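K.L.:
Sequence plus the predicted model coming up.
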Amino acid sequence: MDGLISLSDIRKTYEMGQTQVRALDGVSLEILKGDYLAVMGPSGSGKSTLMNLIGCLDTPTSGSYLLKSREISTLGDDELARIRNREIGFVFQTFNLLPRADALQNVELPLVYSGMSRRDRRERARRALEAVGLGDRMGHRPNEMSGGQRQRVAIARALVNEPSILLADEPTGNLDSRTGEEIMALIDRLHREGNTIILVTHEDDLAKKAERVIRLLDGKIVSDSRNGGAGN
């Protein structure tokens, strides 16, 4: 498999008044195309900071971040935004859908910034919704759908640009257990179809579905282990 992400000695320091907080303290990590990785750690361990850096929502204080062999850590905001739109799909526990837009409009939103024609945008958004089992909910707004359906819309939106990485931050956090299992089954299927998945979670049961689990503590990786495989 091909190398996708290479982090080398990544450090992220925040200034809190006169105090420096080391959110990440020398993180090095290799992620291959097709990996299914879970990131775990207690509150304050650095997992959200790591997710933000991988997702190009923030830049490190020092260290190297290569995405598809391109150095990301020194790029400006505009270029980071272009990379987020092309290479990374985000799924959050709060869904982050536009309340007045229907499912189809929500899913095609990332394509608006890519210069694609309206006809092609809508066709690709339809295919993405059908892929997550929502072909019959395209005209529904978020308040007309269940939590599980809203998260499926969010996943379709994350996938519509055919990104290199799917970043899922506590994707079942606002769902009941049964619906959460359905969403994780969908994520498992997406991985089997070749998608690279990075899952941030505090739940051991979810992390066991990943092929690989890294644990953070005080901004450092304290373990990096392999599970038997996704879906176990």
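P.N.:
Looks like it came in fine. Numbering: from 1, shown residues only.
K.L.:
neighbours of the residue lying closest to residue 10 once chain neighbours are set aside, just the number please.
P.N.:
Distances taken as Cβ to Cβ, 6 or more residues apart in numbering place residue 63 nearest to residue 10, at 3.7 Å, with adjacent residues excluded. In this view, the C-beta of every residue, glycine as well, is placed from N, C-alpha and C. Residues within reach of residue 63, counting by other Cβ atoms under 10 Å, total 18.
K.L.:
Now do the contacts for residue 63.
P.N.:
7, 8, 9, 10, 11, 26, 27, 73 (Cβ atoms under 8 Å, 6 or more residues apart in numbering).
K.L.:
with these in mind, which one is nearest to residue 208?
P.N.:
residue 27 (22.8 Å; Cβ to Cβ).
K.L.:
Please identify the nearest residue in space to that closest one, excluding sequence neighbours.
P.N.:
What sits nearest to residue 27 in space, not counting adjacent residues and going by Cβ to Cβ, 6+ apart, is residue 10, at 4.4 Å.
K.L.:
what do you get for residue 113?
P.N.:
residue 85 (5.4 Å).
K.L.:
show me what contacts that neighbour?
P.N.:
By Cβ under 8 Å, 6+ apart, residue 85 lies in contact with 110, 113, 114, 161.
K.L.:
Please check those and keep the buried ones.
P.N.:
Neighbour-count burial (16 or more other Cβ atoms under 10 Å) is assigned, among those, to 110, 161.
K.L.:
how far away is residue 220 from residue 52?
P.N.:
Between residue 220 and residue 52 the computed distance is 17 Å (Cβ to Cβ, to the nearest Å).
K.L.:
Oops, could you answer that again for residue 78 instead?
P.N.:
Separation of residue 78 from residue 52 (Cβ to Cβ): 18 Å.
K.L.:
Repeat that for residue 98.
P.N.:
According to Cβ to Cβ, residue 98 stands 22 Å off from residue 52.
K.L.:
Quick one: name whatever helix or strand follows the one helix or strand residue 129 maps to.
P.N.:
Per DSSP states H and E: residue 129 is located in helix 118-131. As assigned by DSSP H and E, the chain's next helix or strand after helix 118-131 is helix 147-159.
K.L.:
Following the chain past that following helix, name the next helix or strand.
P.N.:
Next along the chain after helix 147-159, taking DSSP H and E as the criterion, comes strand 165-169.
K.L.:
Go ahead and confirm residue 49 touches residue 58.
P.N.:
Yes. Look at residue 49 against residue 58 with Cβ atoms under 8 Å: they come within range, at 7.2 Å.
K.L.:
more crowded one of these two?
P.N.:
residue 49 (23 against 16).
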